[in-house]
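In: output the structure for:
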Amino acid sequence: MPMKRTNVYADPEDLAIIKAAAERRGVSEAEIIRQGIHLAAMANRVWDEPLFSRTFEGPGRTPSKDEVRDTVADAVGGESGAGNAA
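Out: Presented below is the predicted three-dimensional model:
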């Protein structure tokens, strides 16, 4: 995809950090800035669909610590099957 040129203003301290990072990583300062722009764009993106679309059956309340522990223990015990029998 072709890139479009733009101008931005930045603090001298930020530019120094970018310059040092570019030298350390062996890439151009522009590449560091492009990566930062991409991260900012993705962090502020509005998605068309919710992240989680599935619903789960449950009691309609937050389970207690003991309920969570017991459910996980039951699930782990079910996965190991008869392998634990002596």
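In: check contacts around T62.
Out: By Cβ atoms under 8 Å, 6 or more residues apart in numbering, the contact list for T62 is empty. For the C-beta atoms, the positions are set from N, CA and C on the backbone; glycine is no exception.
In: pLDDT wise, what is the residue positioned nearest the centre of the chain at?
Out: Nearest to the mean C-alpha position of the chain, counting by Cα atoms, centre = their mean, stands A43 at 9.8 Å. With respect to pLDDT, A43 scores 91.
In: same check on the one 3 residues further on?
Out: At V46 the predicted local distance difference test score is 86.
In: the helix or strand bottoming out on mean pLDDT in the chain packs against which elements?
Out: Here the helix or strand of the chain ranked lowest by mean pLDDT, DSSP states H and E is helix 65-80, holding a mean of 85. Helix 65-80 sits against no helix or strand, with contacts defined as 3 or more Cβ pairs under 8 Å, 6 or more residues apart in numbering; DSSP states H and E.
In: before we move on, back to that, now do the residue nearest to the centre of the chain against G36, distance only.
Out: Per Cβ to Cβ, to the nearest Å, A43 is found 11 Å from G36.
In: tell me who's in contact with the residue nearest to the centre of the chain.
Out: Contacts for A43 (Cβ under 8 Å, 6+ apart) come out as none.
In: ramachandran angles for it?
Out: The phi and psi values for A43, taken as degrees, to the nearest 10, are phi -70, psi -20.
In: now do whichever strand or helix holds M42: distance to the chain's middle.
Out: Element membership for M42 (DSSP states H and E) is helix 29-43. A distance of 16 Å separates the centroid of the chain from that of helix 29-43, by Cα atoms, centre = their mean, to the nearest Å.
In: buried residues in that helix, which are they?
Out: By neighbour count with 16 or more other Cβ atoms under 10 Å, helix 29-43 contains the buried residues I32, I33.
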